[in-house]
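Q: structure for this input, please:
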Amino acid sequence: MITIDPELQSLIPPLSPDEKGGLESDIKKHGCKDSIVVWNDTIIDGHNRYEICTRNNLPFATVDFSQKLRTRDDVIDWIYSNQLSRRNLTDESWTYILGKQYEARKKRHGGQVPGSRIDQNDPSITAEKIGKEQHVSTPTVKRAAEYSRSIDALVTNNVGIDALKTKILNGTFKTNKRDIVKLAKKSPEVQRAVIHSMEDAPKVELKVVMQEKAKEIRREELAALSDETKKLPDTISLHHGDFLKDYTIIPKGMVDCIITDPPYVNEWLSNYADFAIAAEYVLKPGGFLVAYVGHIHLDKILAQMTPYLDYYWVMCLEHAGHTAAVHSRGVQCSMKPILVFQKPPKTMPKRYFGDVIKGSGREKDAHEWQQGEVELIQIFGPFTDPGDVVLDPFMGSGTTLAMAKKLDRRAIGFDIDEINVAIVKGRLLEV
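A: Numbering: from 1, shown residues only. Have a look, this model is predicted:
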């Protein structure tokens, strides 16, 4: 039975009546598209969706984080991280979350947060002040600090309108409402330049630029963590190379399950036969290959792979909150196929699995093709056990390997891009 913990619920910014009404209308019309996340049968994400669904007698899916999050402190930290990573986070919500996070850290450390440079006994301290402290380690706060440094440099150098517009559009400068207030206090002329540039540039273009810059900052942070003095556990091995050529460095029949997202570009389509040959070599008898694939060339992918691996099933990843138009086929696409293959002999998976996976939304902070962790749990559960060897031959930002580490699986990763290997190492050192 699902329960609600008032203390955990209080960590999440409440929705306004208009926001809640809009969510309820959407769920009534389209159903509950996002899974409700639970920990030991307690909701840790999706309180509003749960309340709306139960009140209207509507079905919903759940995903269990009991294995991923071991302690209550882990749960609290995950809630903060999950909330701060959401898109379109308002200033009020940002402030609310950071205030709650700081209070929890202060309580956890006996009244004083380690590393803080502020007077923690000052009753006038605000969450926004707290958010500018480097000891609060979230990508959102790090980006806020990056914005602040950029503004200081622009004010000091008295950048004009044209130069400022160029910086905004090419992604070397970011701004938001808090920054404009700061600019107004220092230089009304620079404030007018920022406002002018934002109004003159298309909103969609600015949004893309900001997302790309945030991704760039995150990748730089992760790569910086990866140096020769830091060692990954023996249960993880990373390889810079082409899996299709270098797969024999893995002992034959060593891998329990391959979970991966191969490239979707047309130039890669002819590689699926070689991919299947390599997968057949490294998989144990009865081992599974689970691969995200594109829709348009599904027939060609199956034709290339089935001479070497048995087709087992197709799963559907239902996109969370967005659709994409495939103009060449006249389709409004709201799902992605996930093909399941098996190396003979045909056996049952570890557990029964659902063939519709509720997407958790795009997580692209480190790589363009990055998949969501919540989605991967729904694949790891049925096809792997603790101690199993999981391989991602096209690891990108390493989400599959990060999940393997969190769930006590052994992990092997390949990537042809050396910088991705460094980023994945940095990410795994954070897990």
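Q: so which residues of the chain form strands?
A: Using DSSP state E, the strands found in the chain span residues 36-39, 42-45, 62-64, 236-240, 255-260, 283-292, 310-318, 324-326, 331-333, 335-342, 356-358, 389-392, 410-415.
Q: what about those, which gets the closest to Leu401?
A: Nearest to Leu401 among the strands of the chain is strand 410-415; the distance by Cβ to Cβ comes to 4.5 Å. No exception for glycine: its C-beta is placed from N, CA and C like everyone else's.
Q: show me what counts as buried in that closest one.
A: Buried positions in strand 410-415, judged by neighbour count with 16 or more other Cβ atoms under 10 Å: Arg410, Ala411, Ile412, Gly413, Phe414, Asp415.
Q: domains in the chain, by residue range?
A: 6-133, 140-225, 236-430 (automatic domain parsing).
Q: mean pLDDT lowest for which of these?
A: Lowest mean pLDDT of the domains of the chain: domain 140-225, a mean of 47.
Q: circling back: using TSV, lay out the buried residues of strand 410-415 together with distance to Lys252.
A: As requested, the buried residues of strand 410-415 are exported to TSV (distance: Cβ to Cβ, whole Å):
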residue	distance to Lys252
Arg410	17
Ala411	19
Ile412	14
Gly413	19
Phe414	16
Asp415	22
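Q: out of the residues you listed, which one sits closest to Leu58?
A: For these, the closest approach to Leu58 (Cβ to Cβ) belongs to Ala411, at 37.6 Å.
Q: contact partners for that closest one?
A: Listed by Cβ atoms under 8 Å, 6 or more residues apart in numbering, the contact set of Ala411 reads Thr235, Ile236, Ser237, Val389, Val390, Leu391, Asp392, Thr400, Leu401, Ala404, Lys405.
Q: against Gly396, how distant is the fourth one?
A: For Val389, the distance to Gly396 equals 19 Å [Cβ to Cβ, to the nearest Å].
Q: cool, the second one as well?
A: Plainly put, Ile236 is 16 Å away from Gly396 if you go by Cβ to Cβ.
Q: before we move on, what about the fifth one?
A: Using Cβ to Cβ, one gets 15 Å for the distance from Val390 to Gly396.
Q: same question for the third one.
A: Taking Cβ to Cβ as the criterion, Ser237 is separated from Gly396 by 17 Å.
Q: so for the two, which residue has more residues nearby?
A: Higher neighbour count among Ser237 and Gly396: Gly396, with 23 against 17, using other Cβ atoms under 10 Å.
Q: the more buried one contacts Ile419, doesn't it?
A: No. Here Gly396 does not reach Ile419: they are 11.1 Å apart, not a contact under Cβ atoms under 8 Å.
Q: got the contact list for Gly253?
A: By Cβ under 8 Å, 6+ apart, Gly253 lies in contact with Val282, Leu283, Lys284, Pro285.
Q: thought the second one was touching Ala276?
A: No. The pair Leu283 and Ala276 fails to qualify as a contact (Cβ under 8 Å) at a distance of 10.3 Å.
Q: quick one on the thing from earlier: can you tell me which of the contacts of Ala411 lies nearest to Val356?
A: Using Cβ to Cβ as the measure, the one of these that approaches Val356 most closely is Thr400, at 20.2 Å.
Q: re earlier: output the strands of the chain in TSV, with distance to Cys53 appended to each entry.
A: Below are those laid out as TSV (distance: least, Cβ to Cβ, whole Å):
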stretch	distance to Cys53
strand 36-39	8
strand 42-45	12
strand 62-64	11
strand 236-240	39
strand 255-260	30
strand 283-292	28
strand 310-318	16
strand 324-326	26
strand 331-333	25
strand 335-342	21
strand 356-358	13
strand 389-392	33
strand 410-415	35
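Q: out of those strands, nearest to Ser10?
A: Set against Ser10 and scored by Cβ to Cβ, these come closest in strand 42-45, at 12.2 Å.
Q: helices and strands around that closest one, which ones?
A: helix 6-9, strand 36-39, helix 72-84 (3 or more Cβ pairs under 8 Å, 6 or more residues apart in numbering; DSSP states H and E).
Q: tell me, how many residues neighbour Lys405?
A: For Lys405, which is what you asked about, the neighbour count (other Cβ under 10 Å) is 20.
Q: separation between the residue nearest to it when sequence neighbours are not counted and Leu232?
A: Distances taken as Cβ to Cβ, 6 or more residues apart in numbering put Val431 closest to Lys405, at 5.0 Å, once the chain neighbours are dropped. Distance from Val431 to Leu232, counting by Cβ to Cβ: 10 Å.
Q: go on, Trp268?
A: 28 Å.
Q: neighbour-wise, which of these two wins?
A: Under the neighbour definition other Cβ under 10 Å, Trp268 and Leu232 were set side by side, and Leu232 has more, 16 against 13.
Q: contact partners for that one?
A: Leu238, Lys425, Leu428, Leu429.
Q: can you check Phe353 too?
A: Counting by Cβ under 8 Å, 6+ apart, Phe353 makes contact with Met315, Gln378, Ile379, Gly381, Pro382, Phe383.
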